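In: Okay, predicted coordinates and the sequence, questions at the end:
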Amino acid sequence: MAVADFVKSAGESFRVGWKIESNWTDPVLFATYQVIRPLASLLIVAFIVIIGASVGASANSAFYSQYLAWLIVGNAFYAFVLQIMLGMAILVHVDRTRYEVLKNIYISPGTLHPYVIGRGLVSVVNGAVSVILTLLFSVAIFNGLLHMNIPLNLLGVNLLMLFPGVILGIISLLAIGYMLCAVNIVSNRMEFILGDSVSGIFFLLGGVIFPIALLPSYVQPISNVLPITFLLNTVRESFGLLPTGDYMTDLAYLALTTLVTLIVGIAVFRLAEQRAKKLGLFDRKSEY
Amino acid sequence: MKRDLSIETKSLRRLFKGIPGKGDVVALDQVDLEVHDDEIFGLLGPNGAGKTTLIKILCTLLLPTEGQALIKGMDVVKRASQIRRIINLVSGGETPGYGILSVKENLWFFSQLYGLPRDFAKDRISKLVDQLELQDYLNTRMSKLSTGYKQRLNLARGFVNDPAVLFLDEPTLGLDVLSARHLRTLVKDWIRTGGKTVLLTTHYMAEADQMCDRVGIINRGKVLACDTPQRLKTKVTGGATWKIEITPSLSELESVKSIPGVIGLSTTDNIETGVTTLKLVLEEESIMSDLLSKIRENGSKVLNLGKSEPTLEDVYISLVGTGME
Ligand SMILES: Nc1ncnc2c1ncn2[C@@H]1O[C@H](COP(=O)(O)OP(=O)(O)OP(=O)(O)O)[C@@H](O)[C@H]1O
Ligand SMILES: [Mg+2]
C-alpha cells in the first residue's frame, strides 16, 4: 500500500474515531474521562503524601514539594498510557460486534493497519488533552489554592527535551496498543480486563507515583525494560525534576525499548491476523 | 468462446474444528468452480452448506485448508493485497457501519479506505446515493435507518470501490418485496456496465432463477450441480415434476420419502385451507401408483394431482433432498 493511501486511510479512521468516541459533545462525560478521573487519582496520592509529610517529625518541606512535583508530572503523563491502553483494548471488540465493520475494513487494501493507527491517534489526542489539563489544574490547586510553592514551572519546560521523549513514548504505547488489538482479534473474552490490567501494571511498575528504586528488587528488572519508565524519566528531566538523571541515556533506552516494542507489536499483530484467517474470526460475533 | 475467469477454485477444501470427539466439520469439500467475467453466479444450498465459507475464502477473510482459490488469476493466499483492491463483499442481515455517523459519513469513510481521490469519491457517492434512493437519508444517522435502508447503505458500501468482483451473501435477507426487486435490478444493471462479476448466495429460488446466468447447488460442502438455471431444470428433473394436493397433511413424511424412486420431496402446508401441497421429483412415472397408495395408507385424501413445469426449486429439491423452508 502506497504511503499516501495509508496516510489517507489512517486520517479518515482518525476522523471516524474522533466522531464516534470523543466525548467533546457531552461535557459531563468529557470532564469525567479527561479531567476528573486522572485528577482524582492524582489528588488521592498527593494528599497522602502531604499528610504523611505533615505528621512526619522530620518533614523536609523542600524534599516533599520536590516529590509532589515529580508525582504530578508522572501522573499527568500517565494519561497517555491510560487513554491509549483503554482505547485500543476495546477497539476490535466493539468494531467486530457492535458496528460489524471489522471484516469490511479487513478486506480493504490496507487491512486493519491504517485503521488501528488512526483510531489509536484519537486516544493520543485525548491523552494529550488530559495531560495538559491535569498539569494546569494541579498548578492551580497546589500553588494557587493551597500556596504550596511546588517547583512546577510549566513555562520553564524544555520542549526540545520533552518532545522527543513524548513522541517515542507514544510510539511505544501505540505498539503495545497494537498487541492489545491482536489479543482481541483472537480472543473475545479479554476486552474489558485487558486495558485496565495492562495500564495498571504500568502504573505500578513504571515509576508513576513512586520511584522504581522503592520497588522490591525482583520487580525492578521489569520496570527497567518498560518504555513508560524511560518516557517518564525524560519527561521529568525536561521539567527539571530529575537532577540525578541523564537525559541522553534515558532517551536512548526509550528509543531502544520503543524499537523492541514496535517489532514485537507488529509481529504479535501479524500472528493474530494469521490465526484469525485460519479460524475465521474477523466476522465472529460475541460469544456471550 | 472461452471467456476469462474471474473466480476459480481448484479442489478447494476447508475444515473447521468440530465439537471435541466429533471430528472436523467439512465446510467445503473438493470444490471446483469457474465463474466468468460479466457473469452473475448464484450459489444455492441449505444452511451450513458452505456458501459463506466459500465467500470468506474468496474475500481473503479465511484461509483454505487445501486446494486453491483464484480471483482474476491471483491466488487468494499469496496475493491477498492485490485482490482486496478489486473485490468487495455485502452480507445480508448485517449493518456494517457506525450507528452515530450519517449515511454520507459512513460511505465517505469506506471510500477513503480505498484511497479514492476526494472529488472522485464525492462523485461516486452521490451517484450511488441516487441509484439506491438514499438521497433523503444522506445526513441521517445510520442507527435511525430501517433494516431495508441499512441494507441499501450496505450495498452502496459494497459498490464504493467499483469492484471487479462483488460478493453478495444473501443480499436480500430481510428486505421487503419491492426493496429486494430494486436491489436485484440494481445489481443486474451494474453488471451490464461491463467487466464485472457477481457471486451471490441466496435462499430464494426465484431470485437465483431471475438474476443468475449460472447457478451452483451446494450441499455439505460439495457442489452437486452447476449450470444455467434452464439447463439445470431439464437435466436434473428430466423435465417433469409432480404436484399433489392432499388433506390432511402427511403424518409419516419419511415413509413417502423413502419410497424407491422418489428423488425429491417438499411440502407446503396451507394452514387456512388445511391443504398440503407435495412437490415431487420422480425417477419415473410408474412410481406414482406406489406413492398414491402410501398417501392413502397415511389417511390423507388426494385432492388434486398434476404435472408441472420444473422450477429451480425442483432442481434443488431433487439434489438436496428437501425443500427450503
Ligand atoms: N468459524 C467457524 N468455526 C467452526 N465452524 C464453522 C465456522 N464457520 C462455519 N463453520 C461451519 O462450516 C459449515 C458451513 O458453514 P457456512 O456458514 O459456510 O454455511 P452457509 O452455507 O453459509 O449457511 P447459511 O445458509 O446458514 O448461511 C457449517 O457446518 C458451520 O457450522
Ligand atoms: Mg451463510
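Out: Arrived safely. Residues are numbered from 1 along each chain as shown, chains lettered A, B, ... in the order given. Ligands and ions are numbered 1, 2, ... in the order given.

In: For the stretch 101-250 of chain A, what lies in contact range of chain B?
Out: A:101, A:103, A:104, A:105, A:106, A:107, A:108, A:109, A:110, A:111, A:114, A:115 (CB under 8 Å from any CB of the partner chain). Every C-beta, even on glycine, is put in place using the N, C-alpha and C of the backbone.

In: Looking at those, which is nearest residue A:270?
Out: Closest approach between these and residue A:270, by CB to CB: residue A:111, at 10.5 Å.

In: Wait, a strand at residue B:215?
Out: Yes - counting by DSSP: H, G, I helix; E, B strand; the rest coil, residue B:215 is part of a strand.

In: show me what contacts it?
Out: Counting by CB atoms under 8 Å, 6 or more residues apart in numbering or on different chains, residue B:215 makes contact with B:41, B:42, B:43, B:44, B:208, B:209, B:226, B:227, B:228, B:229, B:232, B:312.

In: Next: residue A:205.
Out: A:212, A:215, A:219, A:222, A:223, A:226, A:229.

In: that older thread, quick one: which of the contacts of residue B:215 is nearest residue B:254?
Out: residue B:44 (24.1 Å).

In: Check the gap between that closest one and chain A for me.
Out: As judged by CB to the nearest CB, to the nearest Å, residue B:44 and chain A stand 22 Å apart.

In: now that residue, nearest residue through space, not along the chain?
Out: residue B:217 (5.1 Å; CB to CB, 6 or more residues apart in numbering or on different chains).

In: Show me what that neighbour is bridged to.
Out: Here residue B:217 sits in beta bridges with residue B:44, residue B:225, going by DSSP bridges.

In: now the strands: where do they sit in the stretch 51-200 of chain B?
Out: B:66-71, B:74-75, B:87-91, B:165-169, B:197-202 (DSSP state E, counting those that start in this stretch).

In: can the ones you listed go into JSON lines with extra columns for mean neighbour count, mean pLDDT and distance to residue B:222?
Out: Listed next are those as JSON lines, based on neighbours: other CB atoms under 10 Å in any protein chain shown; pLDDT from 0 to 100; distance: least, CB to CB, whole Å:
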{"stretch": "strand B:66-71", "mean neighbour count": "19", "mean pLDDT": "98", "distance to residue B:222": "13"}
{"stretch": "strand B:74-75", "mean neighbour count": "14", "mean pLDDT": "98", "distance to residue B:222": "23"}
{"stretch": "strand B:87-91", "mean neighbour count": "25", "mean pLDDT": "97", "distance to residue B:222": "23"}
{"stretch": "strand B:165-169", "mean neighbour count": "24", "mean pLDDT": "98", "distance to residue B:222": "19"}
{"stretch": "strand B:197-202", "mean neighbour count": "26", "mean pLDDT": "97", "distance to residue B:222": "15"}
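
In: Compare those strands and give me the one nearest residue A:61.
Out: With CB to CB as the criterion, residue A:61 lies closest to strand B:87-91 of the strands of the stretch 51-200 of chain B, at 66.4 Å.

In: doesn't residue B:320 make contact with the residue nearest to residue B:44?
Out: Yes - Residue B:217 lies in contact with residue B:320 (CB atoms under 8 Å); the separation is 6.9 Å.

In: between these two, which one's more packed in?
Out: residue B:217 (25 against 20; other CB atoms under 10 Å in any protein chain shown).

In: To which secondary structure element is residue A:90 assigned?
Out: In the assignment (DSSP states H and E), residue A:90 maps to helix A:61-97.

In: any idea of the mean pLDDT for that helix?
Out: Averaged over helix A:61-97, pLDDT sits at 90.

In: Please apply the same query to stretch A:147-159.
Out: 91.

In: So for the helix or strand bottoming out on mean pLDDT in chain A, what gets flagged as buried?
Out: Lowest mean confidence among the helices and strands of chain A (mean pLDDT, DSSP states H and E): helix A:27-30, at a mean of 75. Residues of helix A:27-30 classed as buried: residue A:30 (neighbour count, 16 or more other CB atoms under 10 Å in any protein chain shown).

In: returning to that earlier point: which ones are touching the residue nearest to residue B:44?
Out: Taking CB under 8 Å, 6+ apart, we find residue B:217 in contact with B:44, B:45, B:223, B:224, B:225, B:226, B:232, B:315, B:316, B:319, B:320.
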